[in-house]
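Peer 1: let me see the structure of the following:
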Amino acid sequence: MSKDPRRRARAGGVALLSVATFVAGCASAAPSRPASATSPPLITASASTAPVGTAPATTLHGCAVVPAGIVGATLGEPTAGPRQFNLGQGVTQCVYGTDISRPAVLRFYNDANASVFARLESIARTGPNQHVTNVTFEDEAFFVTSTGKGITVNELVARRASLIILVVSSASLQAEEALGHQIFARV
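Peer 2: Numbers count the residues shown, from 1 in each chain. Model (predicted):
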């Protein structure tokens, strides 16, 4: 491992983002939704534009639900942003941070269900260097601690009804749960 702190910081950022990106494959279990050409904080897909067989109009939650000030104060880390990415299929990702080695990542899985949650948990349990713990939070939730190259990353995945949130940061479970409470209170 390099002794250069800048190189280690970059490696840490890559590790954190790879954990968050790894879970992106789970979005394929979510119902299909037309992609939006823009990235507004709240997007409404009307039933008339939805493909046949999809759910009726639903609000897709985005980064405006949780401003950077709330994320930073709750997780105890300086934050900037957010940068919003619409990943398709009702999934929105928000990246907050001033330090590339320690960004906070929030992901909203809209119109998700218990089977999508179970798939996310299954993927987390098969990951290398990860410890998964079920926690009592909302309808169902689990907490993942991943370690590698001297970096610890925590991840909270929680579901309430048809919304799953994913919080990835280097903050504690308690801080991530507090942020989760704030997110669910705002949606």
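
Peer 1: against Arg119, how distant is Thr74?
Peer 2: In this structure, Thr74 lies at 27 Å from Arg119, with CB to CB, to the nearest Å as the measure. In short, each C-beta sits where N, CA and C put it, glycine included.

Peer 1: more neighbours, these two?
Peer 2: Neighbours were counted for Thr74 and for Arg119 using other CB atoms under 10 Å; Thr74 has more, 23 against 18.

Peer 1: quick one: residues contacting the more buried one.
Peer 2: With contacts defined as CB atoms under 8 Å, 6 or more residues apart in numbering, Thr74 is in contact with 171, 175, 178-179, 182.

Peer 1: helices and strands of this protein: which one bottoms out on pLDDT?
Peer 2: Lowest mean confidence among the helices and strands of the chain (mean pLDDT, DSSP states H and E): strand 42-45, at a mean of 32.

Peer 1: circling back: so which of the contacts of Thr74 comes closest to Val65?
Peer 2: Taking CB to CB as the measure, Gln182 is the one of the contacts of Thr74 closest to Val65, at 9.2 Å.

Peer 1: name the element the closest one belongs to?
Peer 2: Using DSSP states H and E, Gln182 sits in helix 173-186.

Peer 1: for this protein, what spans make up the helices?
Peer 2: Here the chain has its helices, by DSSP state H, at 5-22, 68-75, 114-126, 173-186.

Peer 1: name all residues that make contact with the residue nearest to Thr147 when sequence neighbours are not counted.
Peer 2: The spatial neighbour of Thr147 that comes closest, neighbours along the chain excluded (CB to CB, 6 or more residues apart in numbering), is Asn129 at 5.3 Å. Shown in contact with Asn129 (CB under 8 Å, 6+ apart): 146-148.

Peer 1: mind checking which of these land in strands?
Peer 2: Counting by DSSP state E, the part of these found in strands is 146-148.

Peer 1: tell me the most packed of those, by neighbour count.
Peer 2: Neighbour counts for those peak at Ser146, which has 22 neighbours (criterion: other CB under 10 Å).

Peer 1: so that one sits against Gly127, correct?
Peer 2: Yes. Applying CB atoms under 8 Å, one finds Ser146 in contact with Gly127, separated by 6.9 Å.

Peer 1: His61 bridge partners, please.
Peer 2: Here His61 sits in beta bridges with Leu42, as judged by DSSP bridges.

Peer 1: that one contacts Val91, correct?
Peer 2: No. Taking CB under 8 Å as the definition, His61 is not a contact partner of Val91, at 10.4 Å.
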